[in-house]
Every structure is written in structure tokens, then in C-alpha cells.
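Asker: Predicted model, plus sequence, below.
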Amino acid sequence: MKRLAALVALAREGTVSAAATALGCGQPTVSHHLRRLEEETGAVLVQHVGRGVRLTPDGARLAARGEEILGLLRRAEAELDTMTTLAAGHVRLAAFPSACSTIVPRLLSTLADTAPGLTFDIVEVEPPEAAALLRSGQVDVAITFAYSGQHFDDDVTVEHLGWDALHLVEPSRSVGGTIAEGRASGEREATGLRPEELRRFSDDRWIAGCERCRTGLLDLCASVGIEPDIGFASDDVVAVQALVAAGFGVTLLSALALAGHRNPGVVTHSVVGAGRELHVATYGAPPRPAAVEEVVQTLLGLSWIA
């Protein structure tokens, strides 16, 4: 780049002396760079005319390209500088549905104050798909969750964000069948259901969520000796709550899912000790690009314990 800059300066200034002044160096240095550039390219770039020099046609063509190359380099340096100082930057973020409606808005609101130059692409996917997008380089950061026994491969770095408690969700009034209002008392509403109290719902139909959440439901029920009769399954928490409100069954939903949408026709009871761990995930090991690191640290600095 220094040799190319010497040639461009000579083309612009007209003399070696003026080129040296423009570059802030001595004439011998400019002459050295020009000689080395000729050796490396195998072309005659400069002709000596009396006490002066002029560019050959090859030299003029290379100087014109050199102007473009050095301009692109300056542009790249400026763009990189703005990204590393967070004056600008673009982050591709993946998050599961209930995080998109709860965590992501709070994250962006915080970053609007601390790093207003950042822009985002946001994609809504479940954790396994988010991990695949991280590996393929299609996203930079993912907000994920995992139930006990679930984990990611070692190439994905996960850091703890908080705990997302599980709640039993049942109709708010009796609608027939085995579901009856008041099976979980007001006291249980305040203190939460013990896991073994889920046996009260062993004869009910259950509504399951996504495959990852269904595993959490089955494991929790198995731990207290229940084999749930799953009559419906849906990834849509709005639809799941509507089914519960209509008396088609009971379900387990996380606090984040209920914070994103709460059907007035249901009542909820937290299940003591039951929940899923929230994570922020990136691909590979740190260090991370400045914009990505800012997003990760902002997430880690906020409380997501639900």
C-alpha cells in the first residue's frame, strides 16, 4: 500500500519532491517505493526526463487503479472504525417467539440509549433453529432457552440470562368435564403449586407447545408420576391459551409466554422449582465483534428472571 501510495502521489503532484511532501516523508523514500513497485510488478512505471520524472502509460493506468484501491481502503478503515466504536454497526439477532415480544423490545430500548448507531435484523426461531443459523453465519446472536438435560454443542457459546418459571394454565371458570374452577386455591396462586400437585390434573387433557417445550412438560409430569394425555399441540401461545379458555385442556406455559400474551379466560399457577434457563448464544469463542459484544453484555446486564 505504501508503494502504491507513492505512485498515486507522484501522479497527483507531478514531482518526486512534491509527492514526498504530500506523503510526509523524504524523496529517497518515495524513490525507493517506486523502484520496488517496478520490481514487484515487472513493469516500467516511471521515466526519467532530465532532472524530473513522468509516468509511463502503464504507470498512469496503475496510478488510476491505485487511487481507487486506496480510496476503498480508506472507506473500509472508516467503516471499521465506526463499527468498533459503536458509531454504527449491524447485528443479526435470533430469538424464540415469547422472547421476541418481551426481551427483544427491552433490549432494543436500552441499546437505543447506549448504542444508538446499531441496527438490527430480527428473526423469530426456536433454539435448535437458532443454533443452526449461528453455525451457518446467518445470525450473530441468539436468545435461547433450555430445559433440564437440554444443551447445545460445544461450538455454540451460551451464557446464562435468567430463569423463566413454568405456570400451570387452566380455564378461569368451570366449562364441564374434569376441569373445575378453584382446584388451585388463592393460597396456591400466591405461593405456587408444588410439582406433586400436578397429579390433580392427571385426568385432564393437556395441550403441548413446541417440541422442546413438550419435552419439558413430559419430563416434569414424569417426575411426579403423571403421563399426560396430550390432545392438542401448537407452537402458538395465543392459540394454546384460547384452547385452554375454551375448556379443551390444561397446559404449562412460561412466565415470558404469559407476559407476551395473557388470555382473560385463563388462570395461572406457578409450579415451584419448574422452569427453563434463558441463554444468550453466540458461535465460537470470544473475542466477539464490538457490536455483537455490546448486545451480549447488555443482555447479561439486564434481569430476565421471571
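Answerer: That came through fine.
Asker: which stretches of the stretch 201-306 of the chain form helices?
Answerer: For the stretch 201-306 of the chain, the helices identified by DSSP state H, counting those that start in this stretch occupy 211-223, 237-245, 255-260, 290-301, in order along the chain.
Asker: list the helices and strands the first one packs on?
Answerer: It refers to helix 211-223. Contacts of helix 211-223 with other secondary structure elements, assessed using 3 or more CB pairs under 8 Å, 6 or more residues apart in numbering; DSSP states H and E, are made with strand 205-208, strand 251-254, strand 266-283. Where C-beta positions appear, they are placed from N, C-alpha and C, glycine not excepted.
Asker: coming back round to it: dump the helices of the stretch 201-306 of the chain to a markdown table, plus mean pLDDT, mean neighbour count and distance to residue 72.
Answerer: Formatted as a markdown table, the entries for the helices of the stretch 201-306 of the chain read as follows, by pLDDT from 0 to 100; neighbours: other CB atoms under 10 Å; distance: least, CB to CB, whole Å:
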| stretch | mean pLDDT | mean neighbour count | distance to residue 72 |
| --- | --- | --- | --- |
| helix 211-223 | 88 | 18 | 45 |
| helix 237-245 | 95 | 21 | 48 |
| helix 255-260 | 93 | 21 | 45 |
| helix 290-301 | 92 | 18 | 22 |
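Asker: Of the ones you listed, give the one that comes closest to residue 15.
Answerer: Each of these was scored for nearness to residue 15 using CB to CB, and the closest is helix 290-301 (42.6 Å).
Asker: so which of the helices of the stretch 201-306 of the chain comes closest to residue 134?
Answerer: Nearest of the helices of the stretch 201-306 of the chain to residue 134, taken as CB to CB: helix 290-301 at 11.0 Å.
Asker: orientation of the closest one relative to strand 266-283 in degrees?
Answerer: Here the directions of helix 290-301 and strand 266-283 differ by 140 degrees (axes from the mean of the first three to the mean of the last three CA atoms, to 10 degrees).
Asker: any residues touching helix 290-301, and which ones?
Answerer: With CB atoms under 8 Å, 6 or more residues apart in numbering as the test, helix 290-301 has contacts from 83-86, 89-91, 93, 103, 107, 110-111, 114-115, 118, 140-141, 143, 159, 161, 280, 282, 286-288.
Asker: let's see 6 Å
Answerer: Contacts of helix 290-301 with the rest of the structure, by CB atoms under 6 Å, 6 or more residues apart in numbering, involve 84, 86, 89, 91, 110-111, 115, 118, 140-141, 280.
Asker: One more: stretch 131-147?
Answerer: By CB under 6 Å, 6+ apart, the residues outside stretch 131-147 that reach it are 91-95, 99, 103, 127, 130, 152, 156, 216, 276-279, 281-283, 292, 295.
Asker: how close does the residue located most distally from the centre of the chain sit to residue 15?
Answerer: For the chain, the C-alpha farthest from the mean C-alpha position belongs to residue 50; by CA atoms, centre = their mean, that distance is 63.5 Å. Distance of residue 50 to residue 15, computed by CB to CB, to the nearest Å: 12 Å.
Asker: can you tell which of the helices of the stretch 201-306 of the chain is closest to residue 269?
Answerer: Comparison of these against residue 269 by CB to CB identifies helix 255-260 as nearest, at 11.2 Å.
Asker: Which neighbouring elements make contact with that closest one?
Answerer: In terms of contacts (3 or more CB pairs under 6 Å, 6 or more residues apart in numbering; DSSP states H and E), helix 255-260 is packed against helix 97-100, strand 156-171.
Asker: which one of the ones you listed is the most hemmed in?
Answerer: The highest mean neighbour count among the helices and strands packed on helix 255-260 belongs to helix 97-100 (a mean of 22), with neighbours defined as mean count of other CB atoms under 10 Å.
Asker: just how off-centre is it within its chain?
Answerer: For helix 97-100, the distance between its averaged C-alpha position and the chain's averaged C-alpha position is 13 Å (CA atoms, centre = their mean, to the nearest Å).
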